[in-house]
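1. Using only what follows, build the 3D model:
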Amino acid sequence: MDSPSAPRRGAMQGDDPVLRGVVEMDETYVGGDPRPRNTGDDDAGDDSASGRGGGSRPKGRGTAKPLLLTAVELGGSVHARRIKSHRTDAIAPAWRAWIDPTAQLMMDALPAYRRIGQAHPSHLTVNHSKRQYARTDVDSGERVHVNTAESYHALLRRMVVGVHHWISGKHLDRYAAQAAHAWDHRTRDAATLMSLLARPAEPLPFRALTT
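-> Numbers count the residues shown, from 1 in each chain. Model (predicted):
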């Protein structure tokens with residue numbers, strides 16, 4: 001169950017500034033496998049049936065985990081939201097809302113990203129399927145990667161593992177906003193961060209939280 005601090009998480013959903021300059025886009029699946037059900041048989045030796053060890057659950061695009069889209073401005077803010085698929089029509093609304101048309105995009109070779117990138121004056125890609133994670137662009141001399149976006153994903157995963165242990169797909173956007181707030185304000189002083197406590201937030205009824 002999501003914690004009673006959900007309204008505070010909602011308060012961390014900021015004003016969504018438009019991202020400019022160099023902007024990285026990437027996506028990731030969020031959430032671990034569910035804990036194996038206890039069958040009561042302490043002597044059972046077959047881990048594959050319980051979901052341990054054998055690892056029969058699909059990963060990547062075959063998984064049932066929720067998919068998170070992230071865009072981060074180098075030296076600036078990060079935006080993230082849950083999307084339904086890797087298709088252009090699922091990614092485009094966030095792209096239009098988040099990113100200035102003049103921004104330079106850096107992304108992987110996902111077909112939807114290539115189509116979106118064509119609307120920008122510059123978009124550079126790396127091909128993760130060919131184990132290419134960073135390169136120097138021959139024409140511009142720029143270093144191309146999505147490592148900054150992946151750093152945000154790492155922050156979110158550590159938050160889940162170290163604090164929440166499990167999060168629901170329904171409230172993924174709230175947790176992503178919490179991680180984005182931590183990212184955006186990582187260099188602020190304590191007094192500025194404490195001002196979050198005075199920020200108004202709509203109450204989240206228990207029924208809305210759990211149904």
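
2. how about the strands in this protein?
-> Assigned by DSSP state E, the strands in the chain fall at 22-29, 67-73, 78-83, 104-108, 122-126, 134-136, 143-145.

3. would a markdown table of these with distance to Ser168, mean neighbour count and mean pLDDT be doable?
-> The C-beta positions use only the backbone N, C-alpha and C, and glycine is treated the same way. Listed next are those as a markdown table, based on distance: least, Cβ to Cβ, whole Å; neighbours: other Cβ atoms under 10 Å; pLDDT from 0 to 100:
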| stretch | distance to Ser168 | mean neighbour count | mean pLDDT |
| --- | --- | --- | --- |
| strand 22-29 | 14 | 22 | 96 |
| strand 67-73 | 13 | 24 | 97 |
| strand 78-83 | 11 | 22 | 96 |
| strand 104-108 | 27 | 23 | 96 |
| strand 122-126 | 32 | 18 | 95 |
| strand 134-136 | 34 | 11 | 96 |
| strand 143-145 | 31 | 17 | 96 |
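
4. Nearest approach to Ala90 belongs to which of those?
-> Nearest to Ala90, of all the strands of the chain, is strand 78-83, at 4.6 Å by Cβ to Cβ.

5. Sheet partners, orientation included, of the closest one?
-> The sheet places strand 78-83 alongside strand 67-73 (antiparallel), with pairing taken from DSSP bridges.

6. which residues are contacting the strand it pairs with?
-> Residues outside strand 67-73 that contact it (Cβ atoms under 8 Å, 6 or more residues apart in numbering): 19-30, 78-86, 91, 94-95, 98-99, 103, 148-149, 152-153, 156, 172, 176, 183.

7. Taking strand 104-108 as reference, get the angle to it.
-> If you take axes from the mean of the first three to the mean of the last three Cα atoms, to 10 degrees, strand 67-73 sits at 140 degrees to strand 104-108.

8. quick one: strand 67-73 to strand 22-29, angle?
-> With the same axes, to 10 degrees as the basis, strand 67-73 and strand 22-29 are set at 160 degrees to each other.

9. Which helix or strand in the protein has the lowest average pLDDT?
-> Every helix and strand in the chain was compared by mean pLDDT, DSSP states H and E; the lowest is helix 47-50, with a mean of 36.

10. returning to what we had before: now the strands of the chain as CSV including distance to Ile167?
-> Formatted as CSV, those follow (distance: least, Cβ to Cβ, whole Å):
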stretch, distance to Ile167
strand 22-29, 12
strand 67-73, 11
strand 78-83, 11
strand 104-108, 25
strand 122-126, 29
strand 134-136, 30
strand 143-145, 27
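
11. do you know which of those strands lies nearest His164?
-> strand 67-73 (14.7 Å).

12. With only the CA atoms kept, save the closest one in CSV.
-> C-alpha atoms of strand 67-73 as CSV (Å, rounded to 0.1, in the frame of the first residue of the first chain):
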residue,chain,number,x,y,z
LEU,A,67,7.1,2.1,-18.2
LEU,A,68,8.5,5.5,-17.3
LEU,A,69,9.5,8.2,-19.8
THR,A,70,12.2,10.7,-18.7
ALA,A,71,13.5,13.9,-20.2
VAL,A,72,16.3,15.8,-18.5
GLU,A,73,17.9,19.1,-19.4
